[in-house]
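**Student:** sharing a sequence plus its predicted fold:
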Amino acid sequence: MVTPAPAPEPDATAAVPVPAPVPTPEPPVAEPGSGLVGEVVVEPDLGGTLVVVPGEAPAPGGGTVRSVRVEVEAGLPVDGEVLATAVLATLNDPRGWSGPDGVTFSRTAADDASIRVVLASPATTDRLCAPLATEGKYSCGNSVSGVAVLNFERWVVGAPDFGDDVATYRQYLVNHEVGHVLGHGHEDCPAPGAVAPVMVQQSISAQGCVPNGWPVP
């Protein structure tokens with residue numbers, strides 16, 4: 001009889017395969033000019049909790065200084081710092097209200113800001129703008145309260161007459177609603193094919209004018 005050789009003992013020192021590390025996904029980068037982050041879904045109502053974007057910056061120009069506080073409704077897919085930077089860049093652009101109104105805009109997070117710019121879900125916009133009927137679709141600005149409320153749905157999709165140029169529409173939205181805060185009322189298109197005054201209700205229609213986002217185009 002042949003006795004089989006004993007099986008070799010397992011080598012305790014043999015290398016054990018190490019699973020490859022799972023790469024950590026890069027966080028989404030906020031879109032310059034809008035602050036939008038990642039996949040954007042427009043929720044109709046996020047409950048109305050507003051978060052002040054921290055930060056201070058002096059007014060860059062001469063004229064009457066109006067301090068601006070930017071607020072974002074909790075739950076919106078928005079980087080507040082990028083949004084605030086875009087809002088102040090729009091307001092302090094040479095094509096903005098500095099020429100017509102002799103103003104310049106500083107940034108603040110303080111309670112005594114002279115202007116609040118709020119980005120909110122459609123239902124919260126309706127509540128903040130009441131008794132003005134914004135119908136879940138529109139925005140508002142109020143010279144008495146000093147608040148400009150920007151409807152997040154419009155911020156994402158723009159308006160029909162602006163087509164694919166959502167970036168210019170966002171500049172229009174900031175300038176138009178802050179224009180109300182500064183005391184400007186609505187205007188009409190002066191003639192077909194003319195450049196629309198910024199206070200035309202271009203979220204609804206440019207009325208035959210060429211869409212425009214600036215007080216001084």
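**Tutor:** Perfect, I can see it now.
**Student:** have a look at this protein and report its longest strand.
**Tutor:** Assignment by DSSP state E gives strand 64-73 as the longest strand of the chain.
**Student:** show the pLDDT at the nearest residue in space to residue 159 that is not next to it in sequence.
**Tutor:** Excluding the flanking residues, the one nearest residue 159 by Cβ to Cβ, 6 or more residues apart in numbering is residue 203, at 4.7 Å. The C-beta positions use only the backbone N, C-alpha and C, and glycine is treated the same way. At residue 203 the predicted local confidence, pLDDT, stands at 98.
**Student:** for residue 203, give its distance to residue 158.
**Tutor:** Residue 203 is 9 Å from residue 158, where distance means Cβ to Cβ, to the nearest Å.
**Student:** three-state assignment of the residue nearest to residue 159?
**Tutor:** Following DSSP: H, G, I helix; E, B strand; the rest coil, we place residue 203 in the coil state.
**Student:** and if you look at the one 10 residues further on?
**Tutor:** For residue 213, the reduced secondary structure class is coil; criterion used: three-state DSSP.
**Student:** what does residue 141 give?
**Tutor:** Secondary structure, three-state DSSP: residue 141 is strand.
**Student:** hang on, it packs against residue 176?
**Tutor:** Yes. Here residue 141 reaches residue 176: they are 7.3 Å apart, a contact under Cβ atoms under 8 Å.
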